[in-house]
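Visitor: coords please:
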Amino acid sequence: MTQVAIVIVSWNTCELLAACVHSIINDPLVAQIVVVDNASHDDSVAMVQQRFPQVVCMAESVNHGFAGGNNIGLRWLLAQPHLPEFICCLNPDTLVAPGALAHMVQYLRDHPSVVGCGPQLRYGDGRWQSSRRRFPTVGTYLCESTPIGQWWPGNPWHTRYHMATTPPDVTCMVDWLVGAVLLVRCADVRTHGLFDAEFALYSEEIEWQRRLTGGAPHRMAYVAEAQVTHYEGQSSQQIPAQRLVWFFQSRLRDATIAYGWWWGSVVRGGLIVQYVAEWFIETTKWVLGHKRDIRRARMHTYGHLVRALWQWRMTPAKIW
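Guide: A predicted model of the protein is given here:
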């Protein structure tokens with residue numbers, strides 16, 4: 001039987017991690033589970049060691065970020081003498097429904113030209129969670145999850161990027177998938193390398209899937225028959241201001257890798273202009289006495305973000 005090795009990177013998500021591991025521990029397709037703990041200060045490591053002794057648990061003394069943490073687990077797996085055909089990178093805030101892995105494995109076995117796949121994601125309350133994507137354009141970087149996107153939610157870059165015209169229950173080819181659950185072929189990982197560890201958080205899965213597919217569109221698959229519950233952002237929500245900085249620094253890195261230094265600079269300038277405008281709007285509302293505590297917090301967040309974007313510099317990739 002085809003087997004799957006699973007890598008889970010966790011940071012202070014003890015109970016969610018326990019539920020995640022429990023949802024896959026008895027799946028006959030799972031050959032190995034590796035948990036990389038990114039210097040949690042909760043009981044995550046002790047919990048894994050006590051409840052799931054068959055799981056390989058790597059307790060790191062520093063937080064390596066999502067990409068760096070995954071690379072630690074992936075390196076360990078790739079060094080083993082007997083490696084399964086597939087590797088699944090799995091977030092700790094997920095619950096894998098029975099049969100979900102089997103659907104994804106079968107899809108890749110039936111479609112040998114497809115590099116990897118991911119399931120249909122659902123929020124904890126059962127609502128569908130968007131996870132299918134086209135590769136971002138320069139317009140996407142400027143207009144998706146930005147103030148422009150909030151002012152103009154139906155912009156064409158957002159619609160294209162999120163594949164908004166495709167029904168959620170349809171299995172289809174995509175450019176890349178949200179990294180909560182990614183099943184890929186071990187052979188492709190050996191050939192094209194691990195995550196770029198210079199991505200602290202966010203966008204690392206875009207760059208990785210672009211590299212795994214050689215930048216070709218429609219080489220990843222969204223398998224609607226497989227369903228996974230994803231509670232989303234349970235680690236990063238612990239540091240909301242820093243999360244925003246990481247989100248846009250990672251976008252700048254991905255834009256620069258994909259389109260070059262000049263277009264990366266255009267994206268950087270566009271983001272700075274947008275968030276300087278947001279800072280002025282919040283400052284005006286604060287001066288006028290409107291919900292001053294909220295305005296002060298937003299002024300601090302946007303000021304911190306603008307400084308981080310202004311100071312951002314591209315650093316060399318750390319893949320292996």
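Visitor: So which bits of stretch 9-17 are buried?
Guide: Neighbour-count burial for stretch 9-17 flags 9-14, 16-17 (criterion: 16 or more other CB atoms under 10 Å). Using the backbone N, CA and C atoms, a C-beta is placed for each residue, glycine as well.
Visitor: so for it, what's the average pLDDT?
Guide: Regarding stretch 9-17, the rounded mean pLDDT is 95.
Visitor: for stretch 261-280, same thing?
Guide: In the prediction, stretch 261-280 has an average pLDDT of 97.
Visitor: Pull out the buried positions in that stretch.
Guide: In terms of neighbour count (16+ other CB under 10 Å), stretch 261-280 has its buried residues at 264, 267-268, 270-272, 274-276, 278-279.
Visitor: closest to Glu85 among the buried residues of stretch 9-17?
Guide: Lowest distance from Glu85 to those (CB to CB) belongs to Val9, with 21.7 Å.
Visitor: thought that closest one was touching Asn70?
Guide: Yes: taking CB atoms under 8 Å as the contact criterion, Val9 and Asn70 are neighbours in contact, 5.4 Å apart.
Visitor: Kindly point out which residues are neighbours of both of the two.
Guide: When contacts are counted by CB atoms under 8 Å, 6 or more residues apart in numbering, the set common to Val9 and Asn70 consists of Val36.
Visitor: picking that back up, okay, among the buried residues of stretch 9-17, which ones form the most distant pair?
Guide: The two members of those with the most space between them (CB to CB) are Val9 and Cys14, at 13.9 Å.
Visitor: one step back: in JSON lines, list the buried residues of stretch 261-280 along with secondary structure.
Guide: Shown next, in JSON lines, are the buried residues of stretch 261-280 (DSSP: H, G, I helix; E, B strand; the rest coil):
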{"residue": "Gly264", "secondary structure": "helix"}
{"residue": "Val267", "secondary structure": "helix"}
{"residue": "Arg268", "secondary structure": "helix"}
{"residue": "Gly270", "secondary structure": "helix"}
{"residue": "Leu271", "secondary structure": "helix"}
{"residue": "Ile272", "secondary structure": "helix"}
{"residue": "Gln274", "secondary structure": "helix"}
{"residue": "Tyr275", "secondary structure": "helix"}
{"residue": "Val276", "secondary structure": "helix"}
{"residue": "Glu278", "secondary structure": "helix"}
{"residue": "Trp279", "secondary structure": "helix"}
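Visitor: tell me the phi and psi of Met58?
Guide: Geometry field for Met58 lists phi and psi as phi -110, psi 110, criterion degrees, to the nearest 10.
Visitor: count of residues packed around it?
Guide: In terms of burial, Met58 registers 17 neighbours under the definition other CB atoms under 10 Å.
Visitor: Asp196 versus Ala317, what's the distance?
Guide: Going from Ala317 to Asp196 by CB to CB, to the nearest Å gives 5 Å.
Visitor: can you give me the helices in the stretch 101-250 of the chain?
Guide: Counting by DSSP state H, counting those that start in this stretch, the stretch 101-250 of the chain has these helices, from start to end: 138-143, 147-151, 156-161, 186-192, 204-212, 240-259.
Visitor: Now do the second one: everything it contacts.
Guide: Residues outside helix 147-151 that contact it (CB under 8 Å, 6+ apart) are 142-143, 155, 158, 274-275, 277-278.
Visitor: gap between Ala213 and Thr171?
Guide: In this structure residue 213 is Thr, not Ala. According to CB to CB, Thr213 stands 18 Å off from Thr171.
Visitor: the more surrounded of the two?
Guide: In this comparison of Thr213 against Thr171, neighbours counted by other CB under 10 Å, the higher total goes to Thr213 at 20 against 14.
Visitor: Quick check: chain neighbours aside, which residue is closest to that one?
Guide: Excluding its sequence neighbours, the residue lying closest to Thr213 (CB to CB, 6 or more residues apart in numbering) is Arg219, at 4.0 Å.
Visitor: so what's the one you found up against?
Guide: For Arg219, counting by CB under 8 Å, 6+ apart, the contacting residues are 113-115, 173, 175, 213.
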